[in-house]
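Undergrad: Sequence first, predicted coordinates after that:
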There are 2 protein chains.
Amino acid sequence: MSEAIGLTIQRLLRKIRFLGAVEDSFGQALSALCTDRAHFARGDLVIARGEPYRRIYLIEQGWALRYKLLGSGGRQITNYAIASDFLCFNAALFRHADHFVMARTELVAFTLPIRPFLQILNDKPEIALALAWANAQEEAVLAERLASLGRRNAKQRLSHLFCELWQRLDRLGLADSEGFELPLSQDELADTLGLSLVHVNRTLGELSRQGLLSFRHQRVTLHDVAGLERLAGFDAGYLRDQPGG
Amino acid sequence: MSEAIGLTIQRLLRKIRFLGAVEDSFGQALSALCTDRAHFARGDLVIARGEPYRRIYLIEQGWALRYKLLGSGGRQITNYAIASDFLCFNAALFRHADHFVMARTELVAFTLPIRPFLQILNDKPEIALALAWANAQEEAVLAERLASLGRRNAKQRLSHLFCELWQRLDRLGLADSEGFELPLSQDELADTLGLSLVHVNRTLGELSRQGLLSFRHQRVTLHDVAGLERLAGFDAGYLRDQPGG
DNA sequence: CGAGGAATTGAGTCCTCTCAACCAGCGTGG
DNA sequence: CCACGCTGGTTGAGAGGACTCAATTCCTCG
C-alpha cells in the first residue's frame, strides 16, 4: 500500500516543493495513514454543506469541485481539486462543512482519519508547515480568482483560468505542451467564473476564432500562450513563489 | 509591555475562541514576541507586491487593506484587516508578497520577527492549530466574497458585506446594536465588490431609500438587519462554526 | 476662502444576462 | 438497428444591470 501511494505522495511533494529534508519523514508519515481508499462515482457528493466532517481525503485521481449554493438558486464553484489535493482538509479545524464537494469524474482518494492526522501535525511541525504552505497557495489562487471576478471581463476570466490550470496541471505532470484535459462542462466554467452558460459559450467561440485556444471534448488546447497571458494579465507569480521564511 | 498587548490578545482569543486550555500558553507565548510596535500613517504601504517579507504584524488598532493591482489598471481589494488580525502572516511561508497591504487609517501593530515566530509554531502545535483555524476562517470569508462577486448583484453584494462586517466587528467589540464605523470610501467599497464607484453610490442610495441601511461619514447604520440578511442571502454559518475536529 | 478629496447626479453605451429554440452526441431499450 | 431521451453545446433576439464619461455639489482642512 505504501507503494501504491507513491505517485500521489510524489505529486504532493512536487506541489509543495518543500525543503528537501522534509520529504522523507513527510512521505513516510503520510503513507502510514493512507491505508484506505474511497471511490466516488461521477456526480457523487463527497460532503454536503452543514454535514459534520468525518475524514480527510487525499486525491489519488480524478477531479472534484468545491462549491456553494446560494439561496437565489445560483452556484459558485470555488475550487477544483485534483490529484494530490486534499478534500475536507478543514475537518482538522472545523466541525461542519460550509460548502459542498462533488466528484466531477470517477474519483479515488485516500482517506485519512482525523485524529491520527492531527497527531501527525502535532508531532511533526515540518509537515504541518508544509501543508500550511500548500493551503496558503490555494488561498492565493482564490484571491486571484477574486480579482478575476471583480475586475476582468469574460474573455480575460476564461483565459486566466486556463493559464492557471495549465501551469498547475503541468506541475503534476497532467498537462502537455499543447494543453490539457479538462473534464468540465461549460456550465461549470460559468459557475466558476461568475458568468452565464450562454456567455461562456460565446466567449469560448471568440477566443477560438482569434486563434488563442480551443476547448472541445473536455480538452483545452492553447494555441497562443503568450497571447493568452497578455490578454488575461496572467502573471504566474502567485503560483510560483518558493516557500521560505 | 505584556500588559499593553492584553487587549489585542484578548481579541485574538475571542476571535479564535479556541479550547480554553490553549489560551494561557497562547497569550504568554505571543506576548513574549510582541515587544515592538510599528506605526503607519493613513495611506502608508505596509508591504508591496514583490517585496520580500520582513516581519509579521499583529494589528492593535486601525484598518489595513490587502489588494492586488491588475495590469489593466484595476484594483481588487481582497481583505480588510483590523484589530487582532495578522498582516503578512504569509511571511512564515513565502518569501515574497504577492499583494499589497496599505494602512487605511492610522495603524498600530505589533511586529513579530519571523524566525522566533516560526519557532513558537514549531514548539507549540496548539498555537499553530489555533492560528491555522483563524486563517481558515479568513479563507472562508474569501470564498464567500467570491460567491458575492460571482453570483450576487450590487445590492446584494453591499448588503452582504455589511452584514459580514457587522458580525465580525461585533465579535471584537467594535460594533454596536445600530451599526459600526467603517473607515472606507465608496471607491474602496467598489474595488472590494467588483463594482464601479458610481454604481456603488447609486446602490447605497437605493438601499437607504428602502430603509435598509445608511452609510454616511464613515459609519454604517443598519436599519433593518433581517431585511438585509434576506436580501443578501446572508447566512452567518461560515463565520460561526466552532473549531473542532 | 480656496483647494482637493469624496460623494452625487445625469446621460448614453455596452457587456452580460435571460428566454427560447435548435442541434449534436450517446446510451438505452424495443 | 434505429428511435427516443437525456445531457451538453450552439445560436438568435431582446432586456437590463452596471459601466464610462462628465459635470456638479459637498466636506474638510489649511
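TA: Perfect, thanks for sending it.

Undergrad: How about the spatially most central residue of chain A: what's its closest non-neighbour residue?
TA: In chain A, the centroid-proximal residue (C-alpha atoms, centre = their mean) is A:A81; its distance is 3.2 Å. Setting aside the residues directly before and after it, A:A81 is nearest to A:A64 in space (C-beta to C-beta, 6 or more residues apart in numbering or on different chains), at 4.3 Å. All C-beta spots, glycine's among them, are computed from the backbone N, C-alpha and C.

Undergrad: who does that neighbour bridge with?
TA: For A:A64, the beta-bridge partners are A:A81, A:A103 (DSSP bridges).

Undergrad: That one contacts A:E106, correct?
TA: No: contact criterion C-beta atoms under 8 Å: A:A64 and A:E106 do not qualify, at 10.7 Å.

Undergrad: Which of those two has more residues huddled nearby?
TA: A:A64 (23 against 14; other C-beta atoms under 10 Å in any protein chain shown).

Undergrad: List the residues that contact that one.
TA: By C-beta atoms under 8 Å, 6 or more residues apart in numbering or on different chains, the residues touching A:A64 are A:F40, A:V46, A:Y80, A:A81, A:I82, A:D85, A:L87, A:V101, A:M102, A:A103, A:R104, A:L107.

Undergrad: Then A:V108?
TA: A:R37, A:A38, A:H39, A:F40, A:I59, A:E60, A:Q61, A:G62.

Undergrad: Kindly report the same for A:G205.
TA: Contacts of A:G205 (C-beta under 8 Å, 6+ apart): none.

Undergrad: Tell me the gap between the stretch of helix or strand it belongs to and the middle of its chain.
TA: Assigned by DSSP states H and E, A:G205 belongs to helix A:197-209. Put simply, helix A:197-209 sits 23 Å off its chain's centre (C-alpha atoms, centre = their mean, to the nearest Å).

Undergrad: for the record, mean pLDDT for it?
TA: Averaged over helix A:197-209, pLDDT sits at 98.

Undergrad: Which positions in chain A make contact with DNA strand D?
TA: Applying C-beta under 7 Å from any atom of the strand, we find that chain A lies next to DNA strand D at A:S185, A:Q186, A:D187, A:L197, A:V198, A:N201, A:R202, A:L204, A:G205, A:R216.

Undergrad: wait, what's in contact with the closest residue to the third one other than its chain neighbours?
TA: On the basis of C-beta to C-beta, 6+ apart, the spatially nearest residue to A:D187 that is not a chain neighbour turns out to be A:L197, at 4.9 Å. For A:L197, the contacting residues are A:Q186, A:D187, A:A190, by C-beta under 8 Å, 6+ apart.

Undergrad: repeat for A:S148
TA: A:Q156, A:R157, A:H160, A:L161, A:L193.

Undergrad: now the strands for chain A?
TA: A:36-40, A:45-47, A:55-61, A:64-69, A:75-81, A:86-87, A:100-103, A:107-113, A:179-181, A:213-216, A:219-222 (DSSP state E).

Undergrad: Using CSV, list the CA coordinates for the fourth one.
TA: When you say that, I think you mean strand A:64-69. Taking Å, rounded to 0.1, in the frame of the first residue of the first chain, the C-alpha atoms of strand A:64-69 are listed here in CSV:
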residue,chain,number,x,y,z
ALA,A,64,-13.7,17.2,-7.5
LEU,A,65,-15.5,20.5,-7.3
ARG,A,66,-16.0,22.6,-4.2
TYR,A,67,-19.0,24.9,-4.4
LYS,A,68,-21.5,27.0,-2.6
LEU,A,69,-25.2,27.1,-3.3
